[in-house]
Structure formats: C-alpha cells, structure tokens
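# Need coordinates for the following:
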Amino acid sequence: ANADNPEDAKLSRDFGASGIGLCRTEHMFLGERKQIIQTFILNDDDAVREKAVGELFEAQTGDFYGMFKEMDGLPVIVRLLDPPLHEFLESPRALDVEIARLEATGGDKTLIAEKRMLMERIDGFAEQNPMLGLRGCRLGIVYPILPEMQVRAIATATAKLKKEGLDPKPEIMIPLVSTVAELEKLRAVAEKIIAEVAAEEGVELDIEVGTMIELPRAAVTADEIATQADFFSFGTNDLTQMTYGFSRDDVGRILETYFDKKILESDPFARLDQNGVGRLIRFAVAEGKRTRPDIKLGICGEHGGDLSSVEFCHNVGLNYVSCSPFRVPIARLAAAQARVKELGLA
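Below is the predicted model:
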C-alpha cells in the first residue's frame, strides 16, 4: 500500500497489504511542521538551517518509528523528499494581495518591507517547469543535509525498534533518478549515515537502497542504474507524464476532447498505457535483471489499483504493486485473477 503515517499503515495492514510500497515523506512536512521546512528554505544562516533540520529529524524519527512498528516484519519503502521546495512556501499571489492591502490601508512600513523581502525570497525559488526542476534526487544533491537527515531518522527509528525486539524492514527509495551517477552519489550518502547510526546504537542495520524509475532515460539505462539499486519501483504517474508530455494536473480538458475524437480510449493516468509506457517498463525490467538478476521490482503509481494494470505488472514479472489502502483488496483480487489466468484455470 501507499501510506504516509502510522494510521494509514495500520489501515493498509488491516486491508491485507503485505508491506508499504510508497511512503511519501513530504506529507510529513505539512501541518504545523510546514513552518519548520519554510524556515530551512528561506534562511541562508547555517545555524538557523541546522536547527530547523534538527526539528525535522525529531519529527520524522517519531513518524518512522510509528510506521515501522505498525508494519513490524513487513517491508516499508520510504521515498526521500521528492517535490520542489516551492510547494512548501506560501502562495506568492496571496502574499502579493496581502502586501497590496497593507499598502492601501496605510499598514506598518516595517511589516510591508518584511513581506516584500519574503516575496523576493519566494520568487527566487520559482521555476517555469517545477516538475522538471529542483526536485527528487536533485534536491538531495543540491541540499545534502536533507537526505542525510531523512536517512538518519529512518536508521534511528529502525535501531530503536530492533532494541525493543521488533523486526523493522525499511527500504530507502531515491526519486527521479535519470543517471546512475545521481543514484551512486546518494546511495553513498545513505550507506554512510546508516553505518554511523549502526555504530552509535550498537545494532546491525541492513537497509536496502533502491530507486524510483519515473523518467524515460532511467528506463532505457536500467542496466546501468541496476548496478546501484537493490530494487526498482516504477513511478508510473510521472513515467506516464514524462512519456506522453502531458501535465497530469492539467490534462483533463485535453482528454475529454481526445475521448470524443477517439484519439485515446482511456485515461493513461488511470489505466496503464501498455504499448508505450508499458514498453519502457518491459525494457527496464529486462535490463535491470540482466545486470542484477535478484533485483526486486514493483510499481507505486495509481495504476497499482487498476485491474488491467495489475495483470500487466504480473505478466512482466514485477514482485509487487502498491496503491492506496482502500484499493488494496481490489489489487489483491486482480493479482489472484492474473495468476489464475496464467495457470490456464480461467
């Protein structure tokens, strides 16, 4: 299942999930914690940034402890921070309106100046194509303190549970990789931190490191990427977006026309495009296995809960599919039906 907190992890297990295939850590930075990540983003002072990262470390360690405990004995794949940093900042449009209102009503000039400075900082993080910009593994390479903090939180929570006699099985997923060099660099960071925590806590930590295959280049160079990955998780939401050149958030109006004109039969974000995106997956599976025959393979896009998509995943040799907790029963049924069909019993 895809789950981001202990409550969803428990729900997933209740629905019959045999692990967590995607824990999106950015969801742990919302609510009252949003102010902490904003402090990190908007300050150049190293001491202020380190303090903010320390607070995030404490919060994330608690989150991971709860999730790993709920899923005791089952794998939990934790994706390191993926979205562009601007998503954690206030809306520049709302801030602009606030500044205009303050000026129109003769507001405090010092406050207005502070708001303008904040606006300049937010504008500095603006990107024309943020989903193609500073996100995923790029974020970890530009701001290495972030993956270091997250891996340390994962390893610390794991060590604590091991000392309590439990069997946590976290796995670390590095997102949006396009070259093996990116993965190699961040894998080295993860392994270093894991080794440090193991020595500090006096426990043995065996935490696998893999990657999300969600860019076409990653799929067609899967043989290289597999040299640095214990597993592949196909992020079919982004892989579909990047392959079609469709914006997942804006494609609705286009699809309506495409359905009417019989250009597409189904929404490729709801039902896996087996001829295009699926061909990339088939190729990546074959190339990944050629380099690393024992590599684990799965998908964690929304397609994990679609009947025909699950059958496709079974037929190309994936080990698991991951979907929202409420879709787990459907996915399990689809997997069973695919197996029955494979055996010629249907």
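# hey, where'd the strands end up in the stretch 101-250 of the chain?
Listed in chain order, the strands of the stretch 101-250 of the chain (DSSP state E, counting those that start in this stretch) span 169-174, 208-213, 231-234.
# how close does the residue nearest the centre of the chain sit to residue 134?
By C-alpha atoms, centre = their mean, the chain has its centre lying nearest to residue 79, at 4.2 Å. In this structure, residue 79 and residue 134 are 17 Å apart, going by C-beta to C-beta, to the nearest Å. Backbone N, C-alpha and C define where each C-beta goes, glycine included.
# ok so, going back, just give the nearest non-adjacent residue to the residue nearest to the centre of the chain, would you?
Take residue 79 and drop its neighbours on the chain: the residue closest to it by C-beta to C-beta, 6 or more residues apart in numbering is residue 173, 4.5 Å away.
# Select the longest helix from this structure.
Longest helix in the chain by number of residues, with DSSP state H as the criterion: helix 46-70.
# Give me the contacts around that helix.
3, 5-6, 9-10, 13, 20, 23, 25, 28-29, 33, 36-37, 39-40, 43, 76, 78, 145-146, 149-150, 152-154, 156-158, 160-161, 166, 168-170 (C-beta atoms under 8 Å, 6 or more residues apart in numbering).
# just stretch 161-169 next, same as before
Looking at stretch 161-169 with C-beta under 8 Å, 6+ apart, the contacting residues turn out to be 19, 65, 68-69, 71-76, 157-158, 201, 203-205.
# Look up phi and psi at residue 30.
Backbone torsions of residue 30, given as degrees, to the nearest 10, read phi -90, psi -170.
# Count the residues that sit near it.
When neighbours are counted by other C-beta atoms under 10 Å, residue 30 registers 12.
# Check the contacts of stretch 161-169 and tell me the two furthest apart.
19 and 201 (23.8 Å; C-beta to C-beta).
# more crowded one of these two?
It is residue 19, of residue 19 and residue 201, that has more neighbours when counted by other C-beta under 10 Å, with 20 against 16.
# Confirm for me that that one is in contact with residue 74.
Yes: counting by C-beta atoms under 8 Å, residue 19 touches residue 74, with 4.4 Å between them.
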